[in-house]
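Sharing a model that was predicted from the sequence below.
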Amino acid sequence: MHNSKFKRITAVAVMAIAGVSAMQAIDIKMYSGVADTVYSATQTIVGATAPGAEVTVNGVKPRTNAVGSFAMKLDLNPGANNIEIKAEKGGETAEKAFSIFRAQPKAKTGAKAQKPQAEATFTTPFFVLSTPGAYLQYGNGGDRLGGSKMGFIVPDIPLKVVGESGSLYKVALSERRWAYIPQSYTVSADQAVTPVVTGSWSVSNRGKYDRVSVSLPCRLPYYSYTRIDPSTIELELYGAMDNSNWMVQRSMDLGMVDYVYFEQPESDVYKIVIKLKEKYQWGYSVNYEGNVLCIDVRHAPADLSIKGVTIGLDAGHGGQYPGAYSPSGLTEKEVNLDIILRLRDLIVKAGGRVVLTREGDTGPSMTERKRIWKDANVDLAISVHNNWTSDPLSAPGTSAYYKHLFDRPLAEALLGRMLETGLNLYGLTGNFNFSLNGPTDYPNALIEAMFMNSIEEEELLASPEFRQKVAEKIFAGIQDYLRAVKQSKAK
Ligand SMILES: [Zn+2]
């Protein structure tokens, strides 16, 4: 994540990742905390100089690390505060001076609560069709990850537009439910859809997945989610009323599906419930073949060892998207890639298959990264990023993220091993709205290994040995996950 949420005060030389800083003659470059005017009583300043240099800030030694970064929290007096930074190494010196003005706090103009965006309601609704990459949002809000996604939907689904909010259409899913869709993921439709009745169901084993299909007179919007106890997939179909008087189960040898049933929680909301045989899920894909809704539920890989699975790996950012910078000039894109390539080597050495979203300094889009994994039919996928903190003097630690509940065990397994590095626990976060956590087609998780601008963690990120350790821990986490799945099946 963390697309340069901070201002780079001076140009920082982008250096190749190595255990040492590439900074040559002694110099002081400020990274954050330099400001003309602030309203708070303290200000944390961060900068970098030659590794090993003696640094003082107004005569006091700041916190430093092995790659030459330093940070200090300063108490500010009201009015002008002069700050003088000195660095000395081997007889060479550098100085930097600036002033920060502490002003009276501004009168509070009221909390800037996130209020929903203004909305226009259309008196005459009309229909649009979803286009490739479309997704529905719960609300019309947004943040750096975009509005909170309900899920992706396939193309050519007619949606009833009842209003507009910014660049979003408000679409009615049923009498009482609505969602939002970016207008850019729609084209106009001449087709109008009113509630329809469902046709025949069928459940069959297709080799590597079980298919649950329901025939419909037309495509309808849907929203799906998973539960883990008991292990189920639920899909709500909007604008459908049950008329299926039987469900044909064609195979008695289903690989993952135990049984299916439906509920009609509202007159125009039809819910398909797929109860699974196993505790661990391997993902599912929702598609339409003509007007037949198909939910393909993946079987567990036959060989639950590293050799038996294809693992999707993603190094965050790349190319023109550097991600976060560290004070000494490491870029997140480089660190992410280095960890991913080390992880790839470990997996390949153990006989596993890997599918990378990028191998070099390129910046494929999120859609492209997801397409690469889906086309390769990966069994599980991991994305690696590094974070950015507002408190560089802290060591917030490591964290794992997932969106869907069935991804939680993978995220938990990876995080459990990451903690063995000695890093602090920053957290395990669910319902995460990161694009690469969106697909339901395979279990996936995001690791934010460390914080780029934490003085303590930057030193670790700059160490090839520590990055190797991180790769080894993620690798061990994958193996733990596979072992847990295997053990659950043995019961
Ligand atoms: Zn990132």
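Alright, I've got the coordinates.

okay, CA-based contacts and neighbour counts for the rest of this
OK.

burial of Ser390, as a residue count?
By the measure other C-alpha atoms under 10 Å, the count of residues near Ser390 is 13.

Ignore what I typed, I meant Ser488.
For Ser488, the neighbour count with other C-alpha under 10 Å is 12.

Work out for me the element it sits within.
In this structure, Ser488 sits in helix 464-490 according to DSSP states H and E.

Please name every helix or strand in contact with that helix.
Contact here means 3 or more C-alpha pairs under 8 Å, 6 or more residues apart in numbering; DSSP states H and E; on that basis helix 464-490 packs against helix 332-349, helix 408-418, helix 455-461.

mean confidence for the helix or strand just after the longest one?
Toward the C-terminus, helix 332-349 is succeeded by strand 353-356 as the next helix or strand (DSSP H and E). Strand 353-356 shows a mean pLDDT of 98.

and strand 353-356, which strands flank it?
Paired neighbours of strand 353-356 in the sheet (DSSP bridges): strand 310-315 (parallel).

Please tell me the pLDDT value assigned to the residue lying farthest from the centre of the chain.
In the chain, Gly91 marks the outermost C-alpha relative to the chain mean, sitting 47.1 Å out by C-alpha atoms, centre = their mean. Reading off the confidence values, Gly91 has pLDDT 92.

Can you tell me how far it is from the ion?
Per C-alpha to the ion, to the nearest Å, Gly91 is found 39 Å from the ion.

Contacts only, for that residue.
Gly91 makes contact with no residue under the criterion C-alpha atoms under 8 Å, 6 or more residues apart in numbering.

Same question for the one 4 residues further on.
Remark: with contacts taken as C-alpha under 8 Å, 6+ apart, Glu95 is in contact with 27-28, 84-87.

Pipe these into a markdown table and attach pLDDT per row.
Rendered in a markdown table, the data for these read as follows (pLDDT from 0 to 100):
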| residue | pLDDT |
| --- | --- |
| Asp27 | 94 |
| Ile28 | 96 |
| Glu84 | 97 |
| Ile85 | 97 |
| Lys86 | 97 |
| Ala87 | 97 |
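
Please identify which pair of these lies farthest apart.
Largest separation among the contacts of Glu95 by C-alpha to C-alpha: Asp27 and Glu84, giving 13.8 Å.

Of those two, which one has the most company?
Ranked by neighbour count (other C-alpha under 10 Å), Asp27 and Glu84 place Asp27 first, with 19 against 14.

Ala53 is in contact with that one, correct?
No: using C-alpha atoms under 8 Å, Asp27 is not in contact with Ala53; the gap is 10.0 Å.

any shared contact partners between these two?
Between them, Asp27 and Ala53 share these contacting residues under C-alpha under 8 Å, 6+ apart: Ala87.

Could you tell me which of the contacts of Glu95 belong to strands?
Taking DSSP state E, the ones among those that sit in strands are 84-87.

any idea which of those is the one closest to Tyr270?
Relative to Tyr270, the closest of those is Ile85; by C-alpha to C-alpha it sits at 66.6 Å.

Not counting its neighbours along the chain, what's nearest that closest one?
Val57 (4.5 Å; C-alpha to C-alpha, 6 or more residues apart in numbering).

Find the centremost residue of the chain, please.
The structure's the chain has its C-alpha centroid closest to Phe434; by C-alpha atoms, centre = their mean the separation is 3.1 Å.

any idea which element the closest residue to the ion within the stretch 301-450 of the chain lies in?
Taking C-alpha to the ion as the measure, the stretch 301-450 of the chain has His385 as its residue closest to the ion, at 4.5 Å. With elements delineated by DSSP H and E, His385 resides in strand 380-387, which encompasses its position.

what is the orientation angle of that strand with strand 310-315?
Between the direction of strand 380-387 and that of strand 310-315, the angle (axes from the mean of the first three to the mean of the last three C-alpha atoms, to 10 degrees) works out to 20 degrees.

residues making contact with strand 380-387?
Residues from elsewhere that reach strand 380-387, judged by C-alpha under 8 Å, 6+ apart: 1-2, 282, 309-316, 324, 332-333, 335-336, 339-340, 373, 436, 442-452.

List the contacts of Ile339.
With contacts defined as C-alpha under 8 Å, 6+ apart, the neighbours of Ile339 are 315, 384, 467-468, 470-471.

and the end-to-end length of stretch 209-221?
Between the opening and closing residues of stretch 209-221 there is a gap of 23 Å (C-alpha to C-alpha, to the nearest Å).

so where is the protein shaky, pLDDT-wise?
Low-confidence segments of the chain, defined by pLDDT under 70, are located at 1-24, 107-116, 143-144, 246-251, 491.

Spell out which residues make up each domain of it.
The record's domain parsing of the chain by automatic domain parsing lists 29-102, 120-188, 196-298, 306-490.

which of those sits most buried?
Compared across those, domain 306-490 shows the largest average neighbour count, a mean of 21 (mean count of other C-alpha atoms under 10 Å).

That one: end-to-end distance?
Distance across domain 306-490, first residue to last, is 18 Å (C-alpha to C-alpha).

ok now it, how far from the chain's centre?
How far domain 306-490 lies from its chain's middle: 10 Å, per C-alpha atoms, centre = their mean, to the nearest Å.

Same question for stretch 94-106.
Centre to centre, stretch against its chain (C-alpha atoms, centre = their mean), the figure for stretch 94-106 is 37 Å.

ok, now stretch 221-230?
Computed by C-alpha atoms, centre = their mean, the chain-centroid distance of stretch 221-230 equals 19 Å.

which residues does Pro301 contact?
Shown in contact with Pro301 (C-alpha under 8 Å, 6+ apart): 308-309, 379.

Could you restrict these to the ones contacting the ion?
Of the entries in the contacts of Pro301, not a single one is placed beside the ion under the rule of C-alpha under 5 Å from the ion.

For the residues you listed, give me CSV that also has distance to Leu425.
Rendered in CSV, the data for the contacts of Pro301 read as follows (distance: C-alpha to C-alpha, whole Å):
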residue, distance to Leu425
Gly308, 31
Val309, 29
Asp379, 27
